[in-house]
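**Q** Pasting the sequence and the predicted model now:
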Amino acid sequence: MEVQSVRMPDPEELELVERDLSLDEDEVLVETAQASICDADLRAWKGLPISDDLPDGIFEYPGHEGSGTVIEVGSKVREYEPGDDVMLFGPNNSFSSHFKAPVDSLQPAPDEIDLELASLGEPACVGIYGVFQSGVQPGDDVLITGLNFQGQIAVEGLKKKGAATVIAADHRDARLEVAKERGADIVANTETDDIASIVQEHTQYNANEDASGHASGDAGVDVSYHSCGYWNPHAEEYLNMAIQQTRDEGIVVSIPDVFDPIEVDLHRIHHHGMEARFPNLMHHGPEFLDRWVSRLMKPIVNGTLDIRSLVTDSYPISEANEAMEQYSSDESQIKVMLTP
């Protein structure tokens, strides 16, 4: 079948090409409804180094987030049939009029939501899984460093999970405004505000001047949530900020992939009895996704979490390069969509 696909021949260059797709026996052909740009796509577009443990050519035909309707299945496929709506959870070129994917890279789209919302299934589930695994309990104080798509999900999700105070920190005022709208109690610009003083002021009850031994009794948030990686040069700064502002025996959560080597204050984590968590939904086997995705989509289906409002722009796939340039240069962009 002849389809239109976005190809990345070189950094900062996306082109729309015609190519032929033929199904293997275990693959499914999907007519794309909508796709979204991931920070990993932006990293590849910028020409930044990609980890050598990723498949070769993974970004030549980009797109691993999206949704669509099945139009054909391979001879051994029993899980789907033409007419089924699906969500993509794998690098199968969703920046395309149609894409093919193995069964393991697909999940059923919930009947209760439209395909435009379902196209956010993969990145939304990554963020919601982080909320589920954060360890936040009712009454906890939380610091979120980095307000990308998953960081914004965390603002709303952790507040609704019972956090008493959510402090949202980023260097972009536009992102801070969104966080405030989503329920953050305090927003702080990391370039102009003293984050340590803000945290100390609101968590002083955690301090224990009489503490001795390995735990110093420092004030700090109960849980810190780091959501800054991929291409963002603040990744190291924000992870260490999260560690430094967490109380003794608190929890440090880090969501994003960090492709570049960074220096992390592991001494503080170890010496102050902290727990480090790295929820990584997409780096388990397909059976793991089969168990988790329907549960993670539930807050979207029932309206508990607002994901749609995080879509900040949309482009046709013929303007994919312009979409990437906008996403790269406009600090107000959170999730940019591509449509056939």
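**A** Received, thanks.
**Q** neighbours around Ile58, how many?
**A** The number of residues packed near Ile58 is 13, by other C-beta atoms under 10 Å. For every residue, glycine as well, the C-beta is placed using N, CA and C.
**Q** same check, this time on Lys160
**A** 13.
**Q** How about it: what's its closest non-neighbour residue?
**A** Here the nearest residue to Lys160 in space, its sequence neighbours aside, is Thr304; by C-beta to C-beta, 6 or more residues apart in numbering that works out to 6.6 Å.
**Q** Which strand or helix spans Gln4?
**A** Using DSSP states H and E, Gln4 maps to strand 2-10.
**Q** Just the pLDDT at the residue nearest to Lys160, thanks.
**A** We have a pLDDT of 97 for Thr304.
**Q** Also Pro9?
**A** On the pLDDT scale, Pro9 gets 96.
**Q** Which residue, other than its chain neighbours, is closest to it?
**A** Glu15 is the one closest to Pro9 (C-beta to C-beta, 6+ apart), at 6.5 Å.
**Q** Helix, strand or coil: sort out the one you found for me.
**A** Three-state call for Glu15 (DSSP: H, G, I helix; E, B strand; the rest coil): strand.
**Q** Please list all residues in contact with it.
**A** Residues near Glu15 by C-beta atoms under 8 Å, 6 or more residues apart in numbering: 6-7, 9, 321.
**Q** Separate out the buried members of those.
**A** 6-7, 321 (16 or more other C-beta atoms under 10 Å).
**Q** pretty sure Thr190 contacts His171?
**A** Yes: applying C-beta atoms under 8 Å as the test, Thr190 and His171 come out as touching, 4.9 Å apart.
**Q** shared neighbours, these two?
**A** Going by C-beta under 8 Å, 6+ apart, residues that sit against Thr190 and also against His171 are His234.
**Q** coming back round to it: just the closest of the buried ones among the contacts of Glu15 to Phe278, please.
**A** Val6 (30.8 Å; C-beta to C-beta).
**Q** Now do the residue lying closest to that closest one once chain neighbours are set aside: how many residues are near it, please.
**A** The shortest distance from Val6 to any residue other than its chain neighbours is 3.7 Å, reached at Phe95 (C-beta to C-beta, 6+ apart). The number of residues packed near Phe95 is 29, by other C-beta under 10 Å.
**Q** For Arg172, see how far away Phe95 is.
**A** Using C-beta to C-beta, to the nearest Å, Phe95 is found at 25 Å from Arg172.
**Q** Also Ser67?
**A** Applying C-beta to C-beta to Ser67 and Arg172 gives a distance of 28 Å.
**Q** Show me what stretch 265-276 is in contact with.
**A** By C-beta under 8 Å, 6+ apart, stretch 265-276 touches 135, 214-216, 218, 240, 243-244, 246, 248-252, 254.
**Q** contacting residues around the residue nearest to Val6?
**A** By C-beta under 8 Å, 6+ apart, the contact set of Phe95 is 5-6, 14, 35, 61-63, 317, 320, 338.
**Q** do Leu106 as well
**A** Neighbour list for Leu106: 28, 30, 79-80, 86-90 [criterion: C-beta under 8 Å, 6+ apart].
**Q** Buried members of those into ChimeraX, please.
**A** Burial among the contacts of Leu106 is assessed by 16+ other C-beta under 10 Å; the matching ChimeraX selection reads:
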select :28,30,80,86,87,88,89,90
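**Q** Tell me which of Ser67 and Arg172 has more neighbours.
**A** Ser67 (28 against 19).
**Q** Now the phi/psi pair for that one, please.
**A** According to degrees, to the nearest 10, the main-chain angles of Ser67 amount to phi -150, psi 170.
**Q** just the one 10 residues further on next, same as before
**A** Backbone torsions for Val77, taken as degrees, to the nearest 10, come to phi -80, psi 120.
**Q** so it touches Leu29, yeah?
**A** No: counting by C-beta under 8 Å, Val77 stays clear of Leu29, with 10.0 Å between them.
**Q** where are the low-confidence patches of the stretch 101-250 of the chain?
**A** Within the stretch 101-250 of the chain, the stretches with pLDDT under 70 are 205-217.
**Q** Which residue ranges of it form strands?
**A** For the stretch 101-250 of the chain, the strands defined by DSSP state E, counting those that start in this stretch occupy 106-108, 141-145, 165-170, 186-189, 221-226, 246-254.
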